[in-house]
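[1] Based on what follows, work out the 3D shape:
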Amino acid sequence: MSRNHDNFADLITFTRASTATFVGSNGLIQSATTNTPRIDFDPVTKDRKGLLIEESRTNLTTQSESFSNFALRDVTLTQNATTAPDGTNNAVKIVENSDNDDHYIHATITITSGATCTLSAFLKQSESNRHGYLRTGSEGTTTYIVVDLSNGTVSETGSDVTSSSVQNFGNGWYRASFTYTNAGDTASGIIIGISNSTTPSSDFPVYTGDGSSGIFVFGAQFEEGAFPTSYIPTSGSTATRAADAASIATSAFGYNQDEGTLVTEAQTFLANNSHRILSINDGSSSNQIILMAHTTNHLFVGVGGATQGFCDAGFYDPNVFRKHAAAYQEDHFAACIDAGTVATDSSGTVPTVNVMNIGSAFLSSFGFLNGHIKKLQYFPRRLSDTQLQEITR
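    Here you go, the predicted model:
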């Protein structure tokens, strides 16, 4: 089995109970209708990244583009100031006044106590001596990042930020994000501000503004979760993107119950034991063959709820595409990543299964990949260990 995106719908059953955004082949953010799969592209190179599979998330920011409900701190907003990452002329410019103060916009957010949260926004430099910063609203001075908008890097990070990233969206736009875990608060916020330095050593950079300089901003997002997901537009209330669910019956592609080989090229936003590239199962967790985007577990086989095969093929970096092959046969399991050492398990039986869930666990209800699948192949035979290395080279 090997299918490209042109005949994807002929083979796969796909559902998602909402619209969702993706980057099209033109490099711009677009919207996919309900129950339509998203084939995502790199916004700069225009290379096809593949099928995007994500869990459900909610953008808690209620005016993600107009920022009309954001409070202003020594700034003004200029609407329709430049072309946004979606190709429309609706990006906003945050313009500093001439006070010696901090310069930002702020919206209050209600969150779950103790939740891990991720803030993100698209930022673009307007004047060469101005940069951007993101901050939470009530967690103190340690949850912020400063973004050097001349090169798209995080130049300063608060001590309670657990991770941060900047993605180049082309045309001078960068999507900046950071993740933190709140200390039991239920009231927070998202702050987007201007800095006159890449290293202000402060969560609120203070300087005397010139009355005209600033930064462009688009697509603010505050979501509960340990990594940023695709942009969820809002215009007056919070909005939820439903989970992606893709599956195929094993009878549709000549599945061999006794032996076989699976080959994928995939990427995940966060390497985690819960993140499945695919799961072949019987509709339960008792009988399954799982390829995982994980740091230590890359092939798991279970029968009747008992582990039969377990293969650790090496580290699976997040946000990096990996070629991943896994083979199953009674007492003869193996996995290989990027032509590395083949990990094997020589004791175990093979489950009887009837469905393949792509990018999630059984029933497409959890264990979402939260990433992209560029390639998926199936061979109804157990390839040799040497072949596993060759096919992932």
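
[2] Can you give me the first-to-last residue distance of stretch 191-201?
    17 Å (CA to CA, to the nearest Å).

[3] For it, give the mean pLDDT please.
    The predicted model gives stretch 191-201 an average pLDDT of 97.

[4] elements contacting the strand or helix carrying Gly260?
    Element membership for Gly260, per DSSP states H and E: strand 259-268. On a contact count with 3 or more CB pairs under 8 Å, 6 or more residues apart in numbering; DSSP states H and E, strand 259-268 meets strand 48-53, strand 276-281, strand 288-292, strand 322-329, strand 371-379, helix 385-391. Where C-beta positions appear, they are placed from N, C-alpha and C, glycine not excepted.

[5] closest to Phe218 out of these?
    strand 48-53 (20.0 Å; CB to CB).

[6] Would you mind listing the buried residues in that closest one?
    49-53 (16 or more other CB atoms under 10 Å).

[7] was I right about Glu156 contacting Phe178?
    No. Between Glu156 and Phe178 there is no contact under CB atoms under 8 Å: 11.1 Å.

[8] between the two, who's got more neighbours?
    Neighbours of Glu156 and Phe178, each counted by other CB atoms under 10 Å, are more numerous for Phe178; the result is 26 against 21.

[9] quick one: that one from Asp185, how far?
    The gap separating Phe178 from Asp185 is 16 Å, by CB to CB, to the nearest Å.

[10] end to end, how far does stretch 329-339 reach?
    End-to-end for stretch 329-339, by CA to CA: 20 Å.

[11] Correction: the previous question concerned stretch 134-150.
    So stretch 134-150: terminal residues 16 Å apart, CA to CA.

[12] Tell me the gap between it and the middle of its chain.
    20 Å (CA atoms, centre = their mean, to the nearest Å).

[13] thinking again about what came up before, what inclination does the strand holding Gly260 have with respect to strand 276-281?
    150 degrees (axes from the mean of the first three to the mean of the last three CA atoms, to 10 degrees).

[14] chain center to strand 259-268: distance?
    Distance of strand 259-268 from the chain centroid (CA atoms, centre = their mean) equals 19 Å.

[15] Repeat that for stretch 148-155.
    What separates the centre of stretch 148-155 from the centre of its chain is 20 Å, taken as CA atoms, centre = their mean.

[16] same check, this time on stretch 143-163
    18 Å.

[17] what's the first-to-last distance across that stretch?
    Start-to-end, stretch 143-163 (CA to CA) is 11 Å.

[18] cool, and stretch 217-234?
    15 Å.

[19] so what's the closest residue to Asp282 other than its chain neighbours up against?
    Once flanking residues are discounted, Asp282 sits nearest to Val353: 5.1 Å by CB to CB, 6 or more residues apart in numbering. Applying CB atoms under 8 Å, 6 or more residues apart in numbering to Val353 gives the contacts 250, 255, 257, 280-282, 287-289.

[20] In this model Glu224 seems to touch Thr116, though I could be wrong.
    Yes. With contact defined as CB under 8 Å, Thr116 reaches Glu224; the gap is 7.0 Å.

[21] hang on, the earlier thing: turn the helices and strands packed on strand 259-268 into a markdown table, including distance to Gly214 and mean pLDDT.
    Shown next, in a markdown table, are those (distance: least, CB to CB, whole Å; pLDDT from 0 to 100):
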| stretch | distance to Gly214 | mean pLDDT |
| --- | --- | --- |
| strand 48-53 | 32 | 98 |
| strand 276-281 | 43 | 96 |
| strand 288-292 | 45 | 96 |
| strand 322-329 | 40 | 97 |
| strand 371-379 | 34 | 97 |
| helix 385-391 | 51 | 98 |
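
[22] nearest to Gly152, of those?
    Using CB to CB, the nearest of those to Gly152 is strand 48-53, at 18.6 Å.

[23] and the angle for that closest one with strand 259-268?
    If you take the same axes, to 10 degrees, strand 48-53 sits at 100 degrees to strand 259-268.

[24] Now do strand 48-53: distance to the chain's middle.
    Offset of strand 48-53 from its chain centre (CA atoms, centre = their mean): 11 Å.

[25] which residues sit against that strand?
    5, 8, 22-23, 25, 37-42, 230, 244, 246, 265-267, 321, 358-360, 368-375.
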